[in-house]
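>>> 3D, please:
(chains A, B, C and D, ligands or ions: 6)
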Amino acid sequence: MAEIENKVVEMDEVVIRFSGDSGDGMQLTGTLFSDTAAHTGNDLATFPDFPAEIRAPHNTVAGVSGFQVHFGSAKIHTSGDLCDVLIAMNPASLKANLRFAKKGSTIITDVDSFEEKAMEKAGYAANPLEDGSLSDYIVVKAPIRMLTREAVKELGLDAKSADKSKNMFTLGMLLFMFSKEMTYTHKFLEVKFKKNPTVVEANKRVLAAGFNYAETVEAIKSTVSKVPAAKMPKGKYRSITGNTATAWGLMAASEKSGRQLFLGSYPITPATEILMELSKHRNLGVKTFQAEDEIAGVTSAIGACFAGSLGITTTSGPGFSLKSEALGLAVITELPLVVVNVQRSGPSTGMPTKSEQGDLLQALYGRNGEAPMLIIAASSPVDCFYAAFETARFALEHMTPAILLTDGYIGFGSELFQIPKMDDLPAIVPPIAAPNSDYKPYRRDENTLARQWAIPGTEGLRHRIGGLEKTDVFGQVSTDAQNHEKMTYLRNEKVMRIAERLPEQEIFGEPEGDLLVVSWGGTRGFVRSAVEKLQKEGKKVGHAHFRYIMPLPKNTRQVLSAYKKVVVAELNAGQFVKYLRINFPEITFKEFNKVQGQPFTVIELTDKFNQLLQED
Amino acid sequence: MAEIENKVVEMDEVVIRFSGDSGDGMQLTGTLFSDTAAHTGNDLATFPDFPAEIRAPHNTVAGVSGFQVHFGSAKIHTSGDLCDVLIAMNPASLKANLRFAKKGSTIITDVDSFEEKAMEKAGYAANPLEDGSLSDYIVVKAPIRMLTREAVKELGLDAKSADKSKNMFTLGMLLFMFSKEMTYTHKFLEVKFKKNPTVVEANKRVLAAGFNYAETVEAIKSTVSKVPAAKMPKGKYRSITGNTATAWGLMAASEKSGRQLFLGSYPITPATEILMELSKHRNLGVKTFQAEDEIAGVTSAIGACFAGSLGITTTSGPGFSLKSEALGLAVITELPLVVVNVQRSGPSTGMPTKSEQGDLLQALYGRNGEAPMLIIAASSPVDCFYAAFETARFALEHMTPAILLTDGYIGFGSELFQIPKMDDLPAIVPPIAAPNSDYKPYRRDENTLARQWAIPGTEGLRHRIGGLEKTDVFGQVSTDAQNHEKMTYLRNEKVMRIAERLPEQEIFGEPEGDLLVVSWGGTRGFVRSAVEKLQKEGKKVGHAHFRYIMPLPKNTRQVLSAYKKVVVAELNAGQFVKYLRINFPEITFKEFNKVQGQPFTVIELTDKFNQLLQED
Amino acid sequence: MTEINNTIEKSPVKLSREDFVSDQMVKWCPGCGDHAVLAAVSKVFPEIGYKKENFVFVSGIGCSSRFPYYVNTYGFHGIHGRATAIASGVKIANPKLSVWIVTGDGDSMAIGGNHFIHIIRRNIDVNLLLLNNRIYGLTKGQYSPTSPLGAVTKTSPYGTIEHPFNPGELVLGAQGTFYARAIDVNPKLMTEIMFEAARHDGTSVVEVLQNCVIFNDGAYDELTDRATREDRLITLQAGERMIFGKDRNKGLRLNGTSIEVVTIGENGITEEDILIHDPSQHDSGIHLMLAKMTGPDFPVALGVIRAAKCPTYDDLMEEQITEIRAKSKIHCMDDLLNSGDTWTI
Amino acid sequence: MTEINNTIEKSPVKLSREDFVSDQMVKWCPGCGDHAVLAAVSKVFPEIGYKKENFVFVSGIGCSSRFPYYVNTYGFHGIHGRATAIASGVKIANPKLSVWIVTGDGDSMAIGGNHFIHIIRRNIDVNLLLLNNRIYGLTKGQYSPTSPLGAVTKTSPYGTIEHPFNPGELVLGAQGTFYARAIDVNPKLMTEIMFEAARHDGTSVVEVLQNCVIFNDGAYDELTDRATREDRLITLQAGERMIFGKDRNKGLRLNGTSIEVVTIGENGITEEDILIHDPSQHDSGIHLMLAKMTGPDFPVALGVIRAAKCPTYDDLMEEQITEIRAKSKIHCMDDLLNSGDTWTI
Ligand SMILES: Cc1ncc(C[n+]2csc(CCOP(=O)(O)OP(=O)(O)O)c2C)c(N)n1
Ligand SMILES: Cc1ncc(C[n+]2csc(CCOP(=O)(O)OP(=O)(O)O)c2C)c(N)n1
Ligand code: SF4
Ligand code: SF4
Ligand SMILES: [Mg+2]
Ligand SMILES: [Mg+2]
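Ligands and ions are numbered 1, 2, ... in the order given. Predicted coordinates:
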């Protein structure tokens, strides 16, 4: 190792993209590399890029599976735009991923996979490794398959079994390239295959073979680099995906409030992982009900809320649409239902595996009648934990249904998570009615306007609620004109008053300047990176990233008026900007919209912002 | 009759409100009176006020059924605010309806029904006919029950059967009061009971008894009046409710386009009448499918569209919510689905028998992803015919799903309908692909951007569409980023281009002035009456009533900028105004919102407009 | 009726029907069959004996679904078709509640058909009163999934062209463990059945043949008419022979793969030949035949047709939680947050 | 196979499987049972003999629901669970199309359960291929309504606590007129069944036991394993005795109210004792028993289990239109607009 360290170049941040056939194990390789980096002190963010099909034909572009990691010695906001290193385990993955590689980046290929038939299936007329089309890149043509088989020959493994550890070869190469030890991977292999020592040994040998091979390759040896540890707050860390963080945030709210967690949900990409995660936690009393459809998902959760639980439903776009009617029921019964919408690309089934921010207006207005709900949008994988916790907290304390918006990008993406202590999270105290108290279903707290929660089984609180309009305080069925108007405004005002408890909206940057960039939800990382870049260039750009959508923070008008120009950047055809125009008609908003099922790239953002700065 | 005519007072317009127990036949009485007025040349509008319960206990307020008619010698815009004559067949109906009676109006009561128990059930502590509480009104205490029984005694009818014709007594009184002949009613009775001559005779006798009785009552004799015939365009007329007009408008579009009408629908108040009406017309080849739920309603209609029919689904708020997901499918498959939402008071089940304009934002934005649809709002019962026709026409010609918004008020209300000739309605020519032509599912017409409709069964056009994003022109499944953005904007632009074919938005009143009142949908009549009133007082008020919501007419910006102030009046918490703020950020809008499940009254509108005129 | 034994807490004092009377005006039409169901409920609840705060009513939308307002328990008037799904959430969240669903033929089998078959399949321990008037009452008389083929209604002026569901058949097809049929004019049978429904662990479906006097009056005339009803109905009792008829001389027996009506004393048939009713039999074949019987050839079966033992979803859920809890090393969120792969900086 | 006779227009030329091959890449996993169904369809369609433009495929969402892209007919890839409702619209709108639904166990019986039972109840003349892999494939391995109790899946790490539907039972409970069961590894039987489904007037439900190699591999191992399958399966043929087994010496007969397996030649049992299969029998009791049979005590039944005659919704609709049209005096919109109470000013 001494030798290596001599030549290493220090780098602030690196993006690596792993890609291969569905069966090539690229998700695992990427994860192991990321974990190694995390354990050695780097900050990082990752994003998997699954194929739309489960296992499309071998060696086709449709069957390519990818994984990107962005790690660095400073705060990492996103899984990165273009990559510095691209791993392409077969021709199809090169075909599918070349557009993600920076000019001048290193491309590591398994040259053994570039066979006639595979290239044809990938849609290559000529061998791209030889026709000069990759002259802008440093291409490493590693005989991965051959050397892998070689490495395990002694163990008596046949070719098919041997090929299963090809990914370890690649991982070994990368560990070498970025001056990382193999120990983390060794430990992982020992645990994972503890029942099969031969497999452990085989994988270790292949890993070492890759590591050693890298040293022999001139193109690699000359670019070996090291990304020093990041200066992160002291503490205990783990890596977490947005969907898991959402599940845990909700569980944390359940524990803090003492309300059992009930999830009614129907599987749908990219929200299913939340259901999957929660279904693991029977040990903590979590009840998951895999419903027959999304309507049963939300209505069972409403039933559970009525029965005194923290009732939750999780879904994505099409499922969210199906819940529209039931959300109205939660609004009029004023129950603390939490709805999580992990947004994906629409309309209709759209592009299920792609991310978008297309459901904001639906979250705001997609119900019959006047049916306001609390809406919070998570801004990163880790923020999913806090946003989920907060959504549940406000729902429970204010007796209002609430929507948490996340998206496929942050849901599947992962970040490093500084583990909080439960004691440090705020208490959650729902307004539960005392037994035998003088209970009126729609009597409200003076400040919050929350009604009380009378839980079935409690003595002396028998009452009836439902979807018909009810009289103020008493909760009798009523078609009285004045009462209906009053209740309509009360339901709205109750949600608006939550603004009293929200932190002020912050501006990242100077309190005033030339261009304020407004964003919301899962795009925070890209927008922040772009703004930071412009700020470093001395431009008077600020960033206001919104987590609280309905209600908006109290100082929003002030924030939006502080800069000369305001641009709203979002991954849809312009939805938050419509909402802002409604609320702040006096402010002129510019828009930057992208509807491609893809995250922003820092470069397109900086280009746009620069252009806006120059325009008059 | 000669004698009567000597004393008659001429009146421009009169509002009569009929009310009684569910079983008292007030709907029929009101309808017969209205038809008589119509046949004698009055213009008119009516509105029934059903109880929420089917047949709530006898003599309770919950069981009161009402019917209001507004007739006159000038154009009648609405069924009227407060009434000039109130019929109250029992104490409960007086209790429920007194608030609709003008000060000084005539109240006709069946004094025989004011028995101790009935008054108690209605919630009266003392007899309102005697405790002086009605001193502001002219109260006619007619012994209707007694005189009815008297009138049919000779025919050998028992009390119970006799009581069934009490309503004829009331009708007779009213015909006398407004100088109308009994002939229309006679004819009606002869047809209706043609199998039972005794019943015809009984009803005729009671009618005459009422007529004659009225002459003996001083309070009536002195106020007998006559509303001269209105100057209406020459032509053939009938009376029609909004829901029937909607059904017929859709049938007209079916006939004009040569596309079979398929309705997939699930009953829901107040939209059910459209399904009921359409199910009568098997003779015209109309196929109605009463689905198992709203989702099957809309998706079966989408299937029918795919198969080449004019596919329609009709519903109201909660059902509209349930259709959200499927509407996205219609958007992405670009099929000419027509959705009718007869709005009612929400949120959730809300107040099902009350009207509201609460689903506008949902119509605009209530779907996951970017899913624009054509939206048209009918402005009166008769306009339902034309609006339905137009909605279907644009849907078919532009290959876009479309929403027609009506509401319970205009759906149940009726107006006089000058019968159009089918030849005078515009042709409808959908872009149907020719057999064996070079068909591409998403190739578009250059002007309209409509794709072609290839109908299963046609030779040479086999193709596949669906909810996944597709490539431009070719219609292959695709997650290509640029393609998705392109398709998203194309779907939107296609709808926006319909504006090219819309008439310019009109202003009722001077081209410029102090206050422009903006309204949309079913409130047109009330707002128009209010504006007319202020204009007559010389105020510079104009009225822009919107039927086209998405897209808006091309000159909308110009219209909204023509007056010093703009106020948007609507029956919700402010929805159209939000949409206008989004589209015309530079214009300042004031709002007048009412969320009471009740129509506007002319008086509250004029009050508000006057106030706005005075404000600075 | 023998006592009910389960985890729902019993009332220490004897309750009476007044304990369940609500202060709301009952707004069903005079003569509507729903009134009888309400009366039966307030009669049987004190006998069931749970604490009054442990009863919960959940309904959808329809005339029948107004029920919760008229009985003084915890109540939730849901949205159309979703009572079964809402109730699933209530019961799973708190299995110590006695959960009652009231629904109509449209609410449960038209828009609510999916949740209906799924709650039955899962065997969640709730009691479902299906008020079947074979019409949509609240929306004023459209046909429902149980309206007979050819029925003329507001939306079928020329007669329906749809084959109706037989609720019992659908329940059994969905793996139902309890199905009973009652009729509004027989309150005694209704309360007996409700008691058995409460006793049953699992989803108990009680179909009540209910007359809608306004929009479908007389739908069950054959079964209620004093002159004919004894020949048109058979009331099944567990352990008893399937005998019916004015003269109690008709009975049911199996002939090959089908059921048939025979007369005792004719063709050498004796009481011994008549089938004995066993609602608890696991195999549902015979229950299906009984549920399907319809006039004019067969009597319509009333009573508890099936009540078979089978684990409930809510019990299995609680068991799974107890078991996993005992095994797991993670007992709180702090444990979970700190579990697995972590590191310290 | 005898010819099919109905109102759908036949092709004047003989078609071949190539006529139905689409230009799309088939993206199911290698080894997935769906491939076999696709092969069977393109084999049987030319035999059915309709003009190729008269076939329409409608599907929902799921691996199986990608089907329409892979076959060259008119095709509509709908939304999850709604294929049956979309297809109802297609068929009612144009009864002269041959409408085929492809759906999964989740698509048809989880989210689509309501439309599934209603299309069956209405007996709309469509053919429904239910690819039952007892798992949600497309969303990567969650349990479905047909997953067995206790199944460990991504959303049931401790085993499910839900009793599964038996699709055949549900179909019959919903008044089904045609139900058949096929298995992906037996293409010959699959095409025979598809042909019968096409011939049947009414909703034909064909359940295909389909192996998902990725998320539920081996679900049907017992039925496909060469060593066991002949004893674990019985393939029913109309008019033939229900005999099965490696040695063709096992059979089914009725014992009281239940079906039982007997061995020919033992205890005096002869072939004559064995039941003869009659799929057209109106009473569905025996069909239900056959559909319910499951191991280890019983063989699983394959083949057309039920195919009973009953009017279809689409035929009744056309008849009603013809009849009312003939009676009515109103023949166009002008007639209607001017009908009833009108007056002239
Ligand atoms: C989503 C939705 N769709 C439709 C309706 C209208 N609706 C209310 S009750 C009902 C049917 C009632 O029939 P049933 O369930 O048989 O109850 P009944 O009134 O006969 O007791 C319908 C269609 C609604 N309230 N909500
Ligand atoms: C409204 C909606 N909910 C959920 C989903 C996600 N989803 C797609 S397919 C599927 C289940 C597929 O299972 P199955 O029908 O058995 O088909 P298979 O993939 O097994 O063939 C689910 C839950 C969706 N696309 N739309
Ligand atoms: S309409 Fe029918 S079901 Fe409804 S309350 Fe009246 S009688 Fe009962
Ligand atoms: S996941 Fe299963 S069902 Fe889906 S294509 Fe692969 S093998 Fe077939
Ligand atoms: Mg009913
Ligand atoms: Mg499946």
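>>> in which helix or strand would I find the residue of chain C found nearest ligand 2?
Nearest residue of chain C to ligand 2 (CB to the nearest ligand atom) works out as C:Asn114 at 12.9 Å. C-beta: built from backbone N, CA, C; applies to glycine. Using DSSP states H and E, C:Asn114 sits within helix C:113-122.
>>> so does that helix get close to ligand 1?
No. Using CB under 6 Å from any ligand atom, we find that helix C:113-122 stays clear of ligand 1, coming within 11.3 Å at best.
>>> check which residues of that helix are buried.
Neighbour counts over helix C:113-122 (16 or more other CB atoms under 10 Å in any protein chain shown) mark C:Gly113, C:Asn114, C:His115, C:Phe116, C:Ile117, C:His118, C:Ile119, C:Ile120, C:Arg121, C:Arg122 as buried.
>>> spatially nearest residue to the fifth one (excluding sequence neighbours)?
Meaning C:Ile117. Once flanking residues are discounted, C:Ile117 sits nearest to C:Ala174: 3.9 Å by CB to CB, 6 or more residues apart in numbering or on different chains.
>>> show me where chain C has helices.
Along chain C, the stretches classed as helices by DSSP state H are C:34-48, C:83-93, C:105-109, C:113-122, C:167-173, C:187-199, C:221-224, C:229-232, C:285-292, C:313-327, C:333-337.
>>> mind giving me the packing neighbours of the second one?
Looking back up the chat, that one is helix C:83-93. If contacts are counted by 3 or more CB pairs under 8 Å, 6 or more residues apart in numbering or on different chains; DSSP states H and E, helix C:83-93 sits against strand A:261-265, strand A:287-290, helix A:294-306, strand C:55-59, strand C:98-104, helix C:105-109, helix C:113-122, helix C:313-327.
>>> so which of the ones you listed gets nearest ligand 4?
Among those, strand A:287-290 sits nearest to ligand 4 (CB to the nearest ligand atom), with 18.3 Å.
>>> mind giving me the packing neighbours of that closest one?
strand A:261-265, helix A:272-278, helix A:294-306, helix C:83-93.
>>> what's in contact with that strand?
A:260-267, A:275, A:278-279, A:297, A:300, A:304, A:309, C:88-89, C:92-93, C:317, C:321, D:142-143, D:155-156 (CB atoms under 8 Å, 6 or more residues apart in numbering or on different chains).
>>> now the buried residues of helix C:113-122 in TSV, with distance to ligand 4 and pLDDT?
As requested, the buried residues of helix C:113-122 are exported to TSV (distance: CB to the nearest ligand atom, whole Å; pLDDT from 0 to 100):
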residue	distance to ligand 4	pLDDT
C:Gly113	27	98
C:Asn114	23	98
C:His115	26	98
C:Phe116	28	98
C:Ile117	24	98
C:His118	22	98
C:Ile119	28	98
C:Ile120	27	98
C:Arg121	23	98
C:Arg122	24	98
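>>> which element is A:Ala45 on?
strand A:43-49.
>>> show me what the helix or strand that that strand is followed by pairs with in its sheet, parallel or antiparallel.
Sequence-wise, the next helix or strand downstream of strand A:43-49 (DSSP H and E) is strand A:64-72. Looking at strand A:64-72 with DSSP bridges, its partner strands are strand A:13-21 (antiparallel), strand A:43-49 (antiparallel).
>>> pLDDT averaged over the first one, what's the number?
The one in question is strand A:13-21. Averaging pLDDT along strand A:13-21 gives 96.
>>> ok, now stretch C:55-72?
98.
>>> what's the answer for stretch A:457-468, then?
98.
>>> hmm, that stretch touching chain C?
Yes. Using CB under 8 Å from any CB of the partner chain, stretch A:457-468 comes into contact with chain C via A:Gly457, A:Thr458, A:Glu459, A:Gly460, A:Leu461, A:Arg462, A:His463, A:Arg464, A:Ile465, A:Gly466, A:Gly467, A:Leu468.
>>> quick one: A:Gln362 from ligand 6, how far?
Distance from A:Gln362 to ligand 6, counting by CB to the ion, to the nearest Å: 29 Å.
>>> same deal with C:Thr177?
Counting by CB to the ion - C:Thr177 and ligand 6 are separated by 26 Å.
>>> residue in the stretch 101-250 of chain C nearest to chain D?
Going by CB to the nearest CB, chain D is nearest to C:Gly173 of the stretch 101-250 of chain C, at 1.5 Å.
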